[in-house]
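Q: for reference, the sequence and a predicted model appear below.
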Amino acid sequence: MFSQNPDDCVRKLGENELIERIRAWLGPVAPPAPYGMGDDCAVLPAVTTSRQQIITTDSLTFGQHFDASAHAHDAGAKLMNRNISDIAAMGGTPGPALLNLLFGPDLSLLWLEQFIAGIRQCCEKFGVTVVGGDISQLPPGQFTASVTLTGLTDSPPALRSTAEIGDTIYVTGTLGGSILHKHLHFEPRIKEGQWLAAHEACTAMMDLTDGLGKDLAALLPEGSSAAINLQNLPLSHDARECARKDSHSPQMHAFCDGEDYELLFTVARGTQSEIFEKQWQTRFPELKVSCIGRIVNAHPAGRYIDIESSEALPWQSGFEHFKQT
């Protein structure tokens, strides 16, 4: 990723030439000015009154979100997919993006080209254009990138704050052990998020980035707890693999590990789960959806309780930034 050979590093190029290189590496996903790079701002398409615009931003730092074992292409894809997953969680369609890069002068040009290739591949897949951004210098050996991504929704955006007591709790896919593979190779749930946001039974939604144990709290209304059916937690193969390597259970990994990038959502009480789940299976036959519990009145045992024993779960949190250092 970093090189001691000046001819291999970004330092041999000036900022303008480097921007031109990045524009070329992005290819068709980098439109010309005024709709892309080249002016003070990019001109975006007008938004009609029937659609809502949403915007998000997320970053990727060497040493925090990936390490030297990750391929540059996978790191670039992860940066863009993290942002697309946020758009999916509100039921949106991703639109134009801004890309900001901060790195030391010893960053390998080849590594950067491969990083941009990962971004480009995701942009082509989801119809995203990179319309601008910024480049800034850091001390040698450092790298951070961030994307600001816009999106549009055809229906009211799905929110985190609209679940109610009595709603059931669902999650897509499988959970846990993402550090082994999934944190670099995941699929943003765009179509699924759009379907859920338009479904009358879906009351709230978010994507799982910091682990179920932390993220679920954001969906719970005041004065409530989550009664979790541990038997229904969708355990990934990697959650079981992690459990084999340490003293923790697969359920702990599914509940507490971060970067699953699945959709966590609630379904209104009174909804017939069999009908809802059949609709899901018809629309998305290749993606599992699991009912993992229910929102109940605040329980004295804790925020998360076992639905069978009514005892507090041994895990009450997921990944928390700044508490891990």
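A: Structure's in. What do you need? Numbers count the residues shown, from 1 in each chain.

Q: surely Q114 is in contact with G76?
A: Yes: using Cβ atoms under 8 Å, Q114 is in contact with G76, at 7.2 Å. Placement of C-beta: from N, CA and C, glycine included.

Q: looking at those two, which is more packed in?
A: Neighbours around Q114 and G76, counted as other Cβ atoms under 10 Å, are more numerous at G76. The numbers are 28 against 18.

Q: by contact count, what packs against the strand or helix carrying the more buried one?
A: G76 belongs to helix 72-89 when assigned by DSSP states H and E. Helix 72-89 sits against strand 52-61, strand 93-103, helix 109-126, strand 143-153, helix 190-198, strand 202-207, with contacts defined as 3 or more Cβ pairs under 8 Å, 6 or more residues apart in numbering; DSSP states H and E.

Q: partner strands of the fourth one and their direction?
A: Pointing back at strand 143-153 there. Counting by DSSP bridges, the strands paired with strand 143-153 are strand 52-61 (antiparallel), strand 93-103 (antiparallel).

Q: so for the longest one, mean pLDDT?
A: Rounded to a whole number, the mean pLDDT of strand 93-103 is 96.

Q: that strand: how far from the chain's middle?
A: 14 Å (Cα atoms, centre = their mean, to the nearest Å).

Q: just the buried positions in that strand, please.
A: Of all the residues in strand 93-103, those buried under the rule 16 or more other Cβ atoms under 10 Å are 93-103.

Q: CA-only coordinates of that strand in PDB, if you can.
A: As requested, C-alpha coordinates have been extracted for strand 93-103 and formatted as PDB (Å, rounded to 0.1, in the frame of the first residue of the first chain):
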ATOM      1  CA  THR A  93     -32.000   4.700  -4.900                       C
ATOM      2  CA  PRO A  94     -28.400   5.900  -4.800                       C
ATOM      3  CA  GLY A  95     -27.500   9.000  -6.900                       C
ATOM      4  CA  PRO A  96     -24.400  11.300  -7.400                       C
ATOM      5  CA  ALA A  97     -21.500  11.000  -4.900                       C
ATOM      6  CA  LEU A  98     -18.600  13.100  -3.700                       C
ATOM      7  CA  LEU A  99     -15.300  11.300  -3.000                       C
ATOM      8  CA  ASN A 100     -12.700  12.700  -0.600                       C
ATOM      9  CA  LEU A 101      -9.200  11.200  -0.400                       C
ATOM     10  CA  LEU A 102      -6.600  12.000   2.300                       C
ATOM     11  CA  PHE A 103      -3.200  10.100   2.200                       C
END
